[in-house]
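**Student:** structure for this input, please:
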Amino acid sequence: MGRFPVTPAQAGNATPAIRFEDCPAKTRSLPDGTIVEGRSVLSHCQIVGELARCLMSRFPEPMRARLFPVGSEMVAGSHDIGKVSPTFVAKIFKACDIDYKAMPALARVSPELEKQWGGHAGVSQATAEEMNVPKYVAEILGQHHGFTPPADDKRGDAETFGGPQWFEERKKLVAALKACLQTDWPTFQSAAQARVVAGLTSVADWIGSGAFFENPDENWQPNITAALNDAGFIKPVIRQGLSFAEVFDPVNNAMQMREPQALFVEQVSGPGVYILEAQMGMGKTEAALYAAYQLLAQEKATGIYFALPTQLTSNKIYDRFNAFLKQIASGETPQQSLLLHSGAWLQDTEIGEEGSPGGAWFNQNKRGLLAPFAVGTIDQALMAVMNVKHGFVRAFGLAGKVVILDEVHSYDLYTGTILDELVAFLRQINCTVIILSATLSQARREALLQQTTTSAAYPLITAVAEKRELVEVGVPTVDGKPIALHFCREDKSALDEALMRAAEGQQVLWIENTVAQAQQRYLDIASLAAQAGCETGLLHSRFTPHDRDKNETRWVAQYGRAKWSERGHCGRILVGTQVLEQSLDIDADFLVSRFAPTDMLLQRLGRLWRHADTPRHASANAECWLLAPTLEQALANPRQAFGLSAMVYSQYVLCRSLEVWQEMQSIQLPSGIRPLIDQTYVERPETGQWASLLHELKNGSRFRTGEQAQQALARLTLSRGGKTLPEHKAETRYSDQDTHDLLLLRSLRSQDGATHIRLLNGNTLTLPHGRHRLTKTEWRTLAIKLHQQLVRVNPAYCPPKIAKHELENFRLHEVFYLGRPEDDEALLRVAIVSDAGELLTLDGRLAGDKHVLEYREDLGFRAISNKE
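**Tutor:** Alright, predicted model coming up:
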């Protein structure tokens, strides 16, 4: 019979099949680097089914029953039935250096062919369809690697999949799994429920492919709990009955809830959508977190995902979030569940191959969705409803959590369309959605809730709990100190004023609308400020994480409570982009802002005289200078009048905003917020130039895509039909094309069986050629350090693409996910930074074509046109 008994090919030319019990699912690497067979398909599928069962058990009842229909573990366990197929078995044997051609069942097989149907996942899907499984099941099996396989035209018993004999073995495998797991196929109540189980399936597969289950000679059952804990799926133990002060002011125990906070917490009773509109600095974050704490304590939620507009803002809320977690989590909760995206967290959690260095989900921004508690960008949450690779894993990660969406006013119609879909989806998967904004228009509020609202109060709480009517609660409030406004037509005047104020000892904030403008302004200011004895800083999104974190830590502390004692030592000017207007507790004495839409300007004003007790220089006055053209100039030629800002924001919205602000000499907050928002965004009939600008907003121009097309494009990304998008093509923001990771190094060379890397700070790293030469922990440590050297840049400014095999020659695939170019996934880009700051290719040429590309520790990444 030989090593692998085959089922008899009784008549004709039927392809003989290897018994399902003898089909391998994995390879594994021995300590000396030798590749051998790993677990069988049956063993691996059992493991994944049991992991899924255990994962589901960590959700509280009755949430578990609503999210996971009976038999969900059977779907997870059956994901790899397609591995019982000749092309896959041949591929495994080939990797193990076994002569598969000598076996009758594989003699005529070519493993490379399986790319045509999406590999074994395509066989799983076609087999399930042939077996007439319940709705959604076959699709889930096909998508467990993140995308829909191109197998729609093939039957489960097709000759390309081995014909009837192999199909029978796959059916026997399914029967064996039903017996092992003691369950049958589930029946799904909705597409949302199926999407969550699809995510459960992928995650259970990742963990089941990890180190705890590699050795087929070891008993796997005792490792289930340890593997889930090691992956970070730890159910936190929440302390009961904590007051607001005990959570946020544990030392003094004196902090009391303000009235808007108390009223909001009172409304949040369980899954549903809750919107808190209140002025900047009111404590919306604390209100949301305390409401979330109460739901966790009542087991009405499984965790918290705090979603912010940008990576910069999400970085700075970590400290506040970690302090909150330390108070609410009992000492029984293992520390690793609270390690929020630190390097230690990545080192201490392991979710199998996909989440290891070189895997697609080693990235901390993605992994965070799967942890009980995480702070991240809105983009990762939005992908839960997009037709993007592993979108359903994000859906599973969010299921049952409190999802806090901060600063929702700052999204355009494209992102807003996806956001509306996300909120509706989260309601279906037992989430509590908390939406925070200082400047929400009525139209956006109604779109998020998908129902009509009536109140014009401000601050305002709007609540739609599960199976309850909409509630609107107005909150009384008192205005703060009036802010003086001054319109400035010339940058030079504002520059002189900012320098003069800083020289007096004031803390100045200067906000631009583009990174390029912010970098130029910093260059204009830095040397002059130094001569005057003042400090200057720059914050934007195009720094490496290493440099960004260093800059943020210094400047957010300097302009916040942490460094009040040093505030009077000297004047300072902090220059930045929109990242300064969102979620940062910074407090300036004087503000200069490039003109922007009303809601953005109000956010920026929230960083000016934010706290009544902030120590200030005697010369300081609550004042903002707005760099803006006249309305006449703007209407006559908005592109020229607004400059680069007209490429960032709609010209119609800029002009409507300018019309509202141009005569204002001061503003009072919060009472001025609602009228300004309403006046800017209320729909009205237009004529003349106004009508032309409105038409361009709706229908677009050669410079800008119109709102109608944006909305259509956004809906296209939500479609489940068509090809699954790779992440870099699944834009979550229409204007945001910063989709390529660029690795910046001082040098990179391969020599003596290792890759030698010098980082920007001069430190050196060595990647050995051979994964077995380092432990998994050592590889993770290297990967974490190298991920700190990435910057995300517009594809137009990227250095030339390097072939994947060249990157692999440097062993970069051991520490970075290099994508699958065959699926149109973006490759990592690499550049060498010279001592002068210029970006070079690996062979020493200038990295830019139409631009000179630079990176400086104080400026970040920038592209300078060769025409300049």
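**Student:** which segments of the protein make up each domain?
**Tutor:** Domain ranges of the chain: 6-230, 244-474, 483-667, 740-865, per automatic domain parsing.
**Student:** for the ones you listed, which one sits closest to L713?
**Tutor:** In terms of C-beta to C-beta, the element of those nearest to L713 is domain 244-474, at 6.5 Å. For the C-beta atoms, the positions are set from N, CA and C on the backbone; glycine is no exception.
**Student:** residue contacts, F306?
**Tutor:** Shown in contact with F306 (C-beta atoms under 8 Å, 6 or more residues apart in numbering): S314, I317, F321, A374, V375, G376, I404, D406.
**Student:** now, among the residues you listed, which is nearest to R811?
**Tutor:** Using C-beta to C-beta, those come closest to R811 at G376, 28.9 Å.
**Student:** surely that closest one is within a strand?
**Tutor:** Yes: under DSSP: H, G, I helix; E, B strand; the rest coil, G376 falls within a strand.
**Student:** residues near it, how many?
**Tutor:** Residues lying near G376 (other C-beta atoms under 10 Å) number 22.
**Student:** that one and Y305 touch, don't they?
**Tutor:** Yes: the pair G376 / Y305 is scored as a contact, 6.8 Å apart, by C-beta atoms under 8 Å.
**Student:** any shared contact partners between those two?
**Tutor:** G368, L369.
**Student:** beta partners for V791?
**Tutor:** Note on V791: beta-bridge partners by DSSP bridges are L742.
**Student:** that one and L842, how far apart?
**Tutor:** Plainly put, V791 is 17 Å away from L842 if you go by C-beta to C-beta, to the nearest Å.
**Student:** thinking again about what came up before, and the domains of the chain as JSON lines, adding distance to S701 and mean pLDDT?
**Tutor:** Listed next are the domains of the chain as JSON lines, based on distance: least, C-beta to C-beta, whole Å; pLDDT from 0 to 100:
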{"stretch": "domain 6-230", "distance to S701": "35", "mean pLDDT": "92"}
{"stretch": "domain 244-474", "distance to S701": "15", "mean pLDDT": "87"}
{"stretch": "domain 483-667", "distance to S701": "9", "mean pLDDT": "93"}
{"stretch": "domain 740-865", "distance to S701": "19", "mean pLDDT": "90"}
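**Student:** what's the closest of the ones you listed to R702?
**Tutor:** For these, the distance to R702 is smallest for domain 483-667, at 11.4 Å, taking C-beta to C-beta.
**Student:** so where do the helices sit in the stretch 201-350 of the chain?
**Tutor:** Assigned by DSSP state H, counting those that start in this stretch, the helices in the stretch 201-350 of the chain fall at 224-230, 244-248, 259-267, 284-297, 311-328, 343-348.
**Student:** just say which of those is most tucked in.
**Tutor:** Among the helices of the stretch 201-350 of the chain, judged by mean count of other C-beta atoms under 10 Å, the one packed with the most neighbours on average is helix 284-297 (a mean of 23).
**Student:** now do that helix: which elements does it pack against?
**Tutor:** Here helix 284-297 touches helix 244-248, helix 259-267, strand 272-277, strand 304-308, helix 311-328, strand 402-406, strand 432-437, going by 3 or more C-beta pairs under 8 Å, 6 or more residues apart in numbering; DSSP states H and E.
**Student:** report the angle between it and helix 259-267.
**Tutor:** Computed by axes from the mean of the first three to the mean of the last three C-alpha atoms, to 10 degrees, the angle separating helix 284-297 from helix 259-267 equals 20 degrees.
**Student:** give me the residues contacting helix 284-297.
**Tutor:** Here helix 284-297 makes contact (C-beta under 8 Å, 6+ apart) with 236, 238-242, 244, 247-248, 257, 260-261, 264-265, 268, 270, 274, 276, 278, 301, 303-304, 317, 320-321, 324, 328, 402, 404, 406, 432, 434, 436, 438, 583.
**Student:** next one: it to chain centre, how far?
**Tutor:** The chain centre lies 22 Å from the centre of helix 284-297; the measure is C-alpha atoms, centre = their mean, to the nearest Å.
**Student:** mind listing the strands for the stretch 1-150 of the chain?
**Tutor:** Ranges of strands in the stretch 1-150 of the chain, per DSSP state E, counting those that start in this stretch, are 6-7, 17-18, 27-29, 35-37.
**Student:** and V791 and L842? which has more neighbours close in?
**Tutor:** Shown here are V791 and L842; by other C-beta under 10 Å, V791 has more neighbours (22 against 18).
**Student:** hang on, P768 packs against D752?
**Tutor:** No: P768 lies out of contact with D752 (C-beta under 8 Å); the separation is 10.0 Å.
**Student:** from the structure, what's the count of residues near the residue lying closest to A176 once chain neighbours are set aside?
**Tutor:** Counting by C-beta to C-beta, 6 or more residues apart in numbering, A176 lies nearest to L42, which is 6.1 Å off, once chain neighbours are set aside. If you count neighbours by other C-beta under 10 Å, L42 ends up with 22.
**Student:** who's in contact with L42?
**Tutor:** Going by C-beta under 8 Å, 6+ apart, L42 touches F20, E21, L173, A176, L177.
**Student:** now the third one, what are its backbone angles?
**Tutor:** Summarising the backbone geometry of L173 under the convention degrees, to the nearest 10, its torsions are phi -60, psi -40.
**Student:** that one reaches H44, doesn't it?
**Tutor:** No: counting by C-beta under 8 Å, H44 is not a contact partner of L173; they are 11.0 Å apart.
**Student:** which SS class is L744?
**Tutor:** Assigned by three-state DSSP, the conformation of L744 is strand.
**Student:** count the neighbours of it for me.
**Tutor:** L744: 21 neighbours (other C-beta under 10 Å).
**Student:** does it really touch L839, like I thought?
**Tutor:** Yes: between L744 and L839 a contact is recorded at 7.5 Å, counting by C-beta under 8 Å.
**Student:** now do the shared contacts for these two.
**Tutor:** Shared contacts of L744 and L839 (C-beta under 8 Å, 6+ apart): A831, V833, Y855.
**Student:** out of those residues, who has the most neighbours?
**Tutor:** A831 (26 neighbours).
**Student:** coming back round to it: list the ones among the shared contacts of L744 and L839 that fall in strands.
**Tutor:** Among these, the members falling in strands (DSSP state E) are A831, V833, Y855.
**Student:** which among those residues gets closest to F88?
**Tutor:** After measuring these against F88 - C-beta to C-beta - the closest member comes out as A831, at 38.6 Å.
**Student:** which strand or helix spans M500?
**Tutor:** Per DSSP states H and E, M500 falls inside helix 491-504.
**Student:** from the chain's centre, how far out does that helix sit?
**Tutor:** Distance, stretch centre to chain centre, for helix 491-504: 38 Å (C-alpha atoms, centre = their mean).
**Student:** same question, stretch 642-658
**Tutor:** Distance of stretch 642-658 from the chain centroid (C-alpha atoms, centre = their mean) equals 28 Å.
**Student:** list the contacts of it.
**Tutor:** Contacts for stretch 642-658 (C-beta under 8 Å, 6+ apart): 513-514, 516-517, 594-598, 600-601, 628-629, 631, 634-635, 638-639, 680-681, 690, 693-694, 696-697, 703-704, 735.
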